[in-house]
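**Q** Need the 3D shape of this:
(one chain, ligands or ions: 1)
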Amino acid sequence: MLSNEIRDKFIAFFEKRGHKIIPSTSLVPDKDFFESSDKHELLFVNSGMQPLSPYLMGKAHPEGKRLVNIQKCVRTQDIDEVGDNTHDTFFEMMGNWSLGDYFKEDAIKWSYEFLTSKEEGLGLDKDRLYITCFAGNESAPKDIESAELWEKAGIPKERIYFLESNWWSPGENGPCGPDTEMFYDITSDGLGNLTLEEYLQADQKQQVVEIWNDVFMEYERKDGKVIGKLKQKNVDTGSGLERVAMAVQGKDNIFDTDLFKEAYQLLINLPLDEKAKRIILDHMRTSVFLIADGVKPSNKDRGYILRRLMRRAARYTSQLGETSQVLTFLASFFAEKYKNIYSNLLTSDQIIKEEVLKEEQKFRKTLERGLKEFEKGVDPFILATTYGFPIELTEELAKEKGIHIDREEFDRKMYEHQKLSQTSSAGMFKGGLANHNEKTVKLHTAHHLLLAALQEVVNPDIKQKGSNITEERLRMDFLCDHKLTDEEKNKIEDWVNDRISEGLNVIRKEMPLTEAEKIGAQMEFGAKYPDIVSVYFIEDKNGNAVSKEFCGGPHVSNTKELGHFKIQKEEAVAQGVRRIKGILE
Ligand code: ALA
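**A** Below is the predicted model of the structure:
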């Protein structure tokens, strides 16, 4: 039985039992709903009940008390599980609702009938079903009634388990209640009766998968605590199409079902491992649905999630090279595949293609270089700002390699960076690095130490006249009336290397230009500066500045990160202007 037939059968089954069909809402939650609930929960609709919340709370629904639909859902909290047999970030949730009408008896009877009936339902093997019910806690009693109803329907007692986790709520606030969950045994030989412990293990190993959840919503939560009963007893059910298709089609993973199979075939000859293929398929399908619902890739909220999904997919296809358009191709494929069921995919076909192509091309250009930098151990902040690597991507790469990423440090640097780029884009700072990666940032800090060393060793009046930094070396032009002697060069190198081994902090401060001049911060000779300037201090252990320079950054946070400084060359560039090229080893 293909997924189209599963959808049709589900709707027809409940329509026949007095349910009115309602359409899926957009994945982007309705504004009214958005305002009335916890904001952070609601980037995307992630269950069939969310758009129905007001009606579960007692408001009359225009279509009556019995509803059925198939709701598009996005759940990104499980993103790390994607690639296993059963998790996806987008799914279609089939659901039936009673808004203060029927309750446990009919809900359970109909769930059982739909799952097992050959004529009206899916014809699944009843001997492969396992059921869990709510075990009870301080908020609500053990749900013995549901267990008895399952027995009455035909499930032996040995396959019904009580768990405290059988409780469902959309977030900290709103309607909620105990649930009863249906699991299907997808092993080839069948597991038979299982003790609670064996059942839990089978669940863990994905030998049994949850295919439906009936929630008996009669309670209300506020700030995570049950505060009492609702005006009415509701039923909210949710059955994931992908997993049902897997059970019905006798597959052990969702990617083998007809929902993914043809798309999977498109990747079959590419040099990608199984997990990568699954992640790419999942993320591109989700991206297609998000774009069709009006989400555009960006750096915040919904747009950020979309961008992250696309970039994660791109990174798994990085070995296909800069010019690959596999993601764009897949996006078009999914739009085509689902257009008869979700007509907005048809109308936004062109936008989907354009958005994916734009993002794919943009990211691929920097991806290869970024991955190389990552291999070399480059700071996550540099990866984000120079290579457009979302921090989650870096964290994921790091996890694979067992490297620890300091997220707090990253967030702090990012915050400062954003503040700085706002001001520097307003033309406020001179100096600083145009192109920064880890190597240039280190050389930049060494450049500041070098100027201080020249003043310390050669002449306190030495002024910088120009600078240039590449990944390989720094170059500084400075006003000086003589060629440096070997002794001076040695002393300069020693001075810089001593400051490096002392491990001095590098600190950035913003201050009025007049104050910066007063404290004698170094400025480039002949440059013009704004009223408010950024000054970098390198401070010794007593808090005295060994270097203070007008500068837009960025810099390392401590000189110990620099390594060993060496002067490669010292030469004249013009009358009274000398040039030093230096490296870090
Ligand atoms: N709202 C319930 C769920 O999403 C049915 O599992």
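**Q** Next, work out how far apart residue 197 and the ligand are.
**A** With distances taken as C-beta to the nearest ligand atom, to the nearest Å, residue 197 is found 24 Å from the ligand. Where C-beta positions appear, they are placed from N, C-alpha and C, glycine not excepted.
**Q** Residues contacting whichever strand or helix holds that residue, please?
**A** Residue 197 belongs to helix 196-204 when assigned by DSSP states H and E. By C-beta atoms under 8 Å, 6 or more residues apart in numbering, the residues outside helix 196-204 that reach it are 130, 161, 183, 185, 191, 194, 208.
**Q** Likewise for stretch 109-124?
**A** Residues outside stretch 109-124 that contact it (C-beta under 8 Å, 6+ apart): 1, 6, 9-10, 12-14, 16-17, 96, 125-126, 129, 149-150, 153-155, 182, 184, 211-212, 214, 237, 244, 247-248.
**Q** switch to 7 Å and redo it
**A** 1, 6, 9-10, 13, 17, 126, 129, 153-154, 182, 184, 212, 214, 237, 244, 247-248 (C-beta atoms under 7 Å, 6 or more residues apart in numbering).
**Q** Point me to the residue of this protein nearest the ligand.
**A** Of all residues in the chain, the one sitting closest to the ligand is residue 238 (2.9 Å; C-beta to the nearest ligand atom).
**Q** what's the next secondary structure element after the helix or strand containing that residue?
**A** Taking DSSP H and E as the definition, one finds residue 238 inside strand 225-240. As assigned by DSSP H and E, the chain's next helix or strand after strand 225-240 is helix 241-248.
**Q** quick one, that following helix and strand 225-240 angle?
**A** Calculated by axes from the mean of the first three to the mean of the last three C-alpha atoms, to 10 degrees, helix 241-248 forms an angle of 50 degrees with strand 225-240.
**Q** Show me what secondary structure element comes after helix 241-248.
**A** Assigned by DSSP H and E, the successor of helix 241-248 is helix 261-267.
**Q** Could you list the domains of the protein?
**A** Domain assignment for the chain by automatic domain parsing gives 3-256, 261-405, 438-584.
**Q** report the longest helix in this structure, please.
**A** Counting by DSSP state H, the longest helix found in the chain is helix 349-375.
**Q** before we move on, back to that, buried sites along the helix holding residue 197?
**A** 199, 202, 203 (16 or more other C-beta atoms under 10 Å).
**Q** How about the contacts made by the closest residue to residue 284 other than its chain neighbours?
**A** Distances taken as C-beta to C-beta, 6 or more residues apart in numbering place residue 330 nearest to residue 284, at 4.4 Å, with adjacent residues excluded. Residue 330 is in contact with 263, 266, 284, counting by C-beta under 7 Å, 6+ apart.
**Q** Selecting buried members of those in PyMOL, what would you type?
**A** Here is the PyMOL command that selects only those of these that count as buried (16+ other C-beta under 10 Å):
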select buried, resi 263+284
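**Q** when you check the ligand, which of the contacts of residue 330 turn up near it?
**A** By C-beta under 6 Å from any ligand atom, no member of these lies near the ligand.
**Q** Quickly name whichever of the contacts of residue 330 is closest to residue 76.
**A** residue 284 (14.4 Å; C-beta to C-beta).
**Q** which regions of the stretch 101-250 of the chain sit below the pLDDT cut-off?
**A** For the stretch 101-250 of the chain, no stretch has pLDDT under 70.
**Q** cool, the chain as well?
**A** 31-41, 419-435, 525-528.
**Q** what residues does the chain put near the ligand?
**A** 47, 49, 168, 213, 215, 236, 237, 238.
**Q** Just confirm the last one contacts residue 92, I think it does.
**A** Spelled out, that is residue 238. No. Using C-beta atoms under 7 Å, residue 238 is not in contact with residue 92, being 10.4 Å away.
**Q** which of the two has more neighbours?
**A** Legend: neighbour count by other C-beta atoms under 10 Å for residue 238 and residue 92, higher for residue 92 (26 against 22).
**Q** now the residue lying closest to the more buried one once chain neighbours are set aside: how far from residue 235?
**A** Distances taken as C-beta to C-beta, 6+ apart put residue 241 closest to residue 92, at 4.1 Å, once the chain neighbours are dropped. Separation of residue 241 from residue 235 (C-beta to C-beta, to the nearest Å): 19 Å.
**Q** between these two, which one's more packed in?
**A** Taking other C-beta under 10 Å, residue 241 and residue 235 do not tie; residue 235 has more neighbours (27 against 20).
**Q** hey, what's the closest residue to that one other than its chain neighbours bridged with?
**A** Among residues not flanking residue 235 along the chain, residue 98 sits closest, at 3.9 Å (C-beta to C-beta, 6+ apart). Counting by DSSP bridges, residue 98 forms beta bridges with residue 66, residue 235.
**Q** Which parts of the stretch 401-550 of the chain are strands?
**A** Applying DSSP state E, counting those that start in this stretch to the stretch 401-550 of the chain gives strands spanning 463-469, 474-479, 505-512, 532-539, 545-550.
**Q** could those strands go into TSV alongside mean neighbour count?
**A** Conversion of the strands of the stretch 401-550 of the chain to TSV gives the following (neighbours: other C-beta atoms under 10 Å):
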stretch	mean neighbour count
strand 463-469	18
strand 474-479	20
strand 505-512	15
strand 532-539	21
strand 545-550	21
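**Q** can I get the ones you listed in TSV with distance to residue 324?
**A** Shown next, in TSV, are the strands of the stretch 401-550 of the chain (distance: least, C-beta to C-beta, whole Å):
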stretch	distance to residue 324
strand 463-469	33
strand 474-479	37
strand 505-512	40
strand 532-539	41
strand 545-550	44
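**Q** For residue 173, find the nearest of those.
**A** With C-beta to C-beta as the criterion, residue 173 lies closest to strand 505-512 of the strands of the stretch 401-550 of the chain, at 41.5 Å.
**Q** Kind regards, and thank you for your time.
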